[in-house]
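Participant: A structural model of the following input is requested.
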Amino acid sequence: MKLPVFLLVGALIPSLVTAAQDGAEGESDSRTTRHWLSFLVPKTFERNPEVDFNVITEMTPAGRELAPPSPDDPVFYRLHQVGYLRRGQGAPAHEATPPPDLLMQAMQDALAANGYRIVAEEDQPAELLVVFYWGSYTSAGWDAEAANAETDGPPRVRTESSDDLLPLVLSDLTKREELLERAALVGGLEFAAEMQDVLNKEVDYEDVRINESRLAEFMSGAGGVFVGGTTLGGAVAGDVSNAFNTFNPFYRFKNRDKRTRYLVEQAFGSFYFVVASAYEFSSVAQDQRILLWRTKMTVNSNGVAMTETLRPMIASAGPYFGIEMKGTATVAERISRNTSVDLGPTEVIEYLGPDRPPAQATEAPTPTSAADSGEQQKE
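Facilitator: Next comes the predicted model:
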């Protein structure tokens, strides 16, 4: 007798919830449980989905020389919005975005949290020019045929892991360059540089994979030695394959710790972003554009819309504007589709290289690559 599908799903859910809870206890990572529950109830169908906003600020040498502002000693600035930027192959052609004036107000409110005050009069002097833009970045796994043609609802994306998408990235130079841009937006330029090094090593590793494949084919062929009815050659071939998968550069880089694993998956996924750059105002007037700091904000776009995430994401970044950070901060927030926002706990995910002890601060390199692309195209 065949059971209805909804009964089978209903019987499966309790065991999956138990597995999620057990996994969360063993891994001591709060995001594990949230991701399991997101699998059970996709964000598209949740009334108040919880999302992770990623924020990182990188300072330049010129920016480090300035004293940070405070409510008692504010820094005055002018604000300029560049507009919407769509990035990635197969990006949707009709993606709804929040009205620019609402984002301008969100930026003013968020900057005020750290002592930045917008100039009130045209003749009032300003110390900074803050330029920001926003947009969406689709990953190598974007399913263009399944995307909504014109809607403000959540986009439809394939949700493969980085392991699934890695072959696409390695075989397509454009996809590889886009991945590095996404890595710079999610984890900063230092994280993107290390990702680039790992991808280069992974390409070289493909030559070794070819030899491994030939060895596996030989060991599992007719020349295999049978022991107790089992082909010994096939078993050895499987061990060889597992060894190569375990020790390839990308696998070791991604799985060295939870922080790196999270940032890698975020970089391989599709997301919405906001980038705000602060320039010395007098330098802009002289056409020199001295960059002081740049704050990058991202949120995974799976199951949520740009219109419901950008403003709360900007608000969550308020405490980090103009502050040098050791790594990406992740702010968990439950967004209400009735337009209210509940703030959740903030977790600082300090990105550390393999040779960097936790006690040392990360020196942020001068931003000159991925995050500049929007301003170069739009300004």
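Participant: for the rest of this, base every contact and every neighbour count on C-alpha atoms.
Facilitator: OK.
Participant: show residues contacting whatever helix or strand L168 lives in.
Facilitator: For L168, the host element (DSSP states H and E) is helix 162-171. With contacts defined as CA atoms under 8 Å, 6 or more residues apart in numbering, helix 162-171 is touched by 140-141, 175-176, 179, 199, 203, 264-265, 268-269.
Participant: after that helix comes which helix or strand?
Facilitator: Per DSSP H and E, the helix or strand that comes after helix 162-171 is helix 173-187.
Participant: what score does D287 have for pLDDT?
Facilitator: What the model reports for D287 is a pLDDT of 86.
Participant: I misspoke; the intended subject was G115.
Facilitator: Looking at G115, the pLDDT reads 93.
Participant: how about N302?
Facilitator: Confidence score, pLDDT, at N302: 87.
Participant: pretty sure it contacts S270?
Facilitator: Yes - counting by CA atoms under 8 Å, S270 is a contact partner of N302 at 7.2 Å.
Participant: does V264 lie in a helix or a strand, and which?
Facilitator: helix 258-268.
Participant: so F271 is in contact with V304, correct?
Facilitator: No - between F271 and V304 there is no contact under CA under 8 Å: 9.7 Å.
Participant: who has more neighbours out of those two?
Facilitator: V304 (27 against 24; other CA atoms under 10 Å).
Participant: how about the more buried one, secondary structure?
Facilitator: For V304, the assignment made with DSSP: H, G, I helix; E, B strand; the rest coil gives coil.
Participant: lowest confidence element among the helices and strands of the protein?
Facilitator: helix 5-27 (a mean of 38; mean pLDDT, DSSP states H and E).
Participant: and D101, that's in a strand?
Facilitator: No - the assignment for D101 (three-state DSSP) gives helix, which keeps it out of a strand.
Participant: list the contacts of the helix holding V264.
Facilitator: Helix 258-268 has contacts (CA under 8 Å, 6+ apart) with 139-140, 161-162, 165, 179, 182-183, 186-187, 253-255, 300, 349-351.
Participant: so where is the stretch 251-379 of the chain shaky, pLDDT-wise?
Facilitator: 338-379 (pLDDT under 70).
Participant: one more pass at 50, please.
Facilitator: Counting by pLDDT under 50, the stretch 251-379 of the chain shows low-confidence ranges at 339-342, 350-370, 373, 377-379.
Participant: mind listing the strands for it?
Facilitator: 271-280, 291-300, 328-335, 341-349 (DSSP state E, counting those that start in this stretch).
Participant: how much space between Y251 and E202?
Facilitator: When distance is defined by CA to CA, to the nearest Å, Y251 is 9 Å away from E202.
Participant: ok, back up a step: turn the strands of the stretch 251-379 of the chain into JSON lines, including distance to P100.
Facilitator: Below are these laid out as JSON lines (distance: least, CA to CA, whole Å):
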{"stretch": "strand 271-280", "distance to P100": "12"}
{"stretch": "strand 291-300", "distance to P100": "17"}
{"stretch": "strand 328-335", "distance to P100": "20"}
{"stretch": "strand 341-349", "distance to P100": "20"}
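Participant: highest average neighbour count across those strands?
Facilitator: Across the strands of the stretch 251-379 of the chain, averaging neighbours per residue (mean count of other CA atoms under 10 Å) puts strand 291-300 on top, at a mean of 26.
Participant: which residues of the stretch 101-250 of the chain fall in helices?
Facilitator: For the stretch 101-250 of the chain, the helices defined by DSSP state H, counting those that start in this stretch occupy 162-171, 173-187, 189-219, 232-247, 249-254.
Participant: any idea which of these scores lowest on pLDDT?
Facilitator: helix 232-247 (a mean of 52).
Participant: just the pLDDT at V75, thanks.
Facilitator: For V75, pLDDT reads 95.
Participant: and it, what are its bridge partners?
Facilitator: Taking DSSP bridges, one obtains Y116 as the residues bridged to V75.
Participant: again with the one 4 residues further on
Facilitator: Applying DSSP bridges to L79 gives these bridge partners: V130.
Participant: how close does it get to Y133?
Facilitator: 11 Å.
Participant: likewise G327?
Facilitator: On the measure of CA to CA, G327 and Y133 end up 22 Å apart.
Participant: these two: which is more packed in?
Facilitator: Comparing G327 with Y133 by other CA under 10 Å, the one with more neighbours is G327, at 25 against 21.
Participant: settle this for me: the more buried one is touching L185, isn't it.
Facilitator: No - with contacts defined as CA under 8 Å, G327 does not count as touching L185, sitting 11.9 Å away.
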